[in-house]
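Peer 1: show me the folded form of this:
(one chain, ligands or ions: 1)
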Amino acid sequence: MTAQKLDGSATLKAIKAELTERVAALREQGVVPGLGTVLVGDDPGSHWYVGAKHKDCAEIGIESIRVDLPATSTQAEVEAAIDELNADPACTGFLVQQPTGLDEFALLSRVDPDKDVDGLHPVNLGRLVLGEEGSLPCTPLGCIELLRRHGIELRGAEVVVVGRGLTVGRPMGLLLTRRSENATATLCHTGTRDLAAHTRNADVVIAAAGVPGIITADMVKPGAAVLDVGVSRVDGKIAGDVAADVWETAGWVSPNPGGVGPMTRAMLLMNVVTMAERSLAAAKAAAKVTA
Ligand SMILES: Nc1nc2c(c(=O)[nH]1)N[C@@H](CN(C=O)c1ccc(C(=O)N[C@@H](CCC(=O)O)C(=O)O)cc1)CN2
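Peer 2: The predicted structure follows:
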């Protein structure tokens, strides 16, 4: 048996078509969504990701504001760029591409939470813990959307997340256990005594450890869905966390590339549009009160 593909590239395309209509509706009401990015340094991967994000935006009618800073930039210089985007009305949402090599917590905390399209500002992570409305982290959200759009039920499912990083693992557990998802989430990490005992019991495995091939066929329940989030580079090529033999045991696997990466971009676009819609609704409500 060969697993079916959880196709992130095709899903990104479908989401872009849906968002194109929502952006057009916003523009008709005088709101032009604009995505800002702050990129520090010369890392080729980061340049590719930021380039792809702006290309996606152009395809669906979102404006771009790209701020590229040299690798020699100081914390204060990057913070000044963030302050400018916070104050720029043409920028409805922005992100600081990681890694920067600087104090990322300080940079993230400086972004206006209502412009935080990455959903990583402490206020937005706090809103997620409290179950309040806010922007949500793109990669975990993309994993859930990828499963949903392929008809994989999360309600009541045993989901094992491998990795406890701040951008994927930790928020993933919080998203999965919201009432709207109602999954049972187990967060495994380097301190987990018997990783295979957990993954073998899972209906869904989300591998975000950043260790090439850490999930092998013998660790997966036949028919399970396996999402490969890890991105490592081996001999210049992307190497995910999921070994090739998993395709023979699992029911569904997300390829890497072509799986969760494009979904991260899709959810970024979704966040930009949703946040612009929310601020339009808030402006309309405020106008009604003062009328
Ligand atoms: N501020 C942020 N920085 C980083 C994030 C993030 O969500 N916010 N995540 C990653 C990088 N990332 C988004 O920025 C990202 C990763 C992968 C892809 C993608 O589409 N990948 C392609 C393959 C690309 C290639 O060939 O190199 C795929 O998987 O098919 C998009 C965005 C770290 N930084």
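Peer 1: for the helix or strand where residue 11 lies, buried residues please.
Peer 2: Counting by DSSP states H and E, the element that carries residue 11 is helix 8-28. Using 16 or more other Cβ atoms under 10 Å as the test for burial, helix 8-28 gives 8, 9, 11, 12, 15, 16, 19, 20, 22, 23, 26. Heads up, the C-betas are built off the backbone N, CA and C, glycines and all.
Peer 1: contact partners of it?
Peer 2: Applying Cβ atoms under 8 Å, 6 or more residues apart in numbering, the external contacts of helix 8-28 come out as 32-33, 56, 59-62, 142, 145-146, 149, 254-255, 258-263, 265-266, 269-270, 273, 276-277, 280.
Peer 1: weed out the non-buried ones from the residues you listed.
Peer 2: The neighbour-count test (16+ other Cβ under 10 Å) marks 33, 56, 60-62, 142, 145-146, 149, 254-255, 258-263, 265-266, 269-270, 273, 276-277, 280 as buried among those.
Peer 1: could you pick out which of those residues are near the ligand?
Peer 2: Residues of the buried ones among the contacts of helix 8-28 in contact with the ligand (Cβ under 6 Å from any ligand atom): 258, 261, 262, 265.
Peer 1: separation between the last one and residue 178?
Peer 2: When distances are taken as Cβ to Cβ, to the nearest Å, residue 265 and residue 178 turn out to be 23 Å apart.
Peer 1: on that earlier part again, toward the C-terminus, what is the element adjacent to the helix holding residue 11?
Peer 2: Sequence-wise, the next helix or strand downstream of helix 8-28 (DSSP H and E) is strand 34-40.
Peer 1: neighbours of residue 180, how many?
Peer 2: Close neighbours of residue 180, defined as other Cβ atoms under 10 Å, add up to 10.
Peer 1: so which residues on the stretch 101-250 of the chain come close to the ligand?
Peer 2: With Cβ under 6 Å from any ligand atom as the criterion, the stretch 101-250 of the chain meets the ligand at residues 118, 138, 139, 167, 238.
Peer 1: redo those residues as JSON lines? Include neighbour count, secondary structure and pLDDT.
Peer 2: Below are those laid out as JSON lines (neighbours: other Cβ atoms under 10 Å; DSSP: H, G, I helix; E, B strand; the rest coil; pLDDT from 0 to 100):
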{"residue": "118", "neighbour count": "24", "secondary structure": "coil", "pLDDT": "98"}
{"residue": "138", "neighbour count": "27", "secondary structure": "helix", "pLDDT": "98"}
{"residue": "139", "neighbour count": "23", "secondary structure": "helix", "pLDDT": "98"}
{"residue": "167", "neighbour count": "19", "secondary structure": "coil", "pLDDT": "93"}
{"residue": "238", "neighbour count": "16", "secondary structure": "strand", "pLDDT": "89"}
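Peer 1: now, which of those residues sits nearest residue 70?
Peer 2: Using Cβ to Cβ, residue 118 comes nearest to residue 70 of those, at 22.2 Å.
Peer 1: phi, psi of the residue lying closest to that closest one once chain neighbours are set aside?
Peer 2: Leaving aside its chain neighbours, residue 118 sits nearest to residue 95 (4.3 Å; criterion: Cβ to Cβ, 6 or more residues apart in numbering). Backbone torsions for residue 95, taken as degrees, to the nearest 10, come to phi -140, psi 160.
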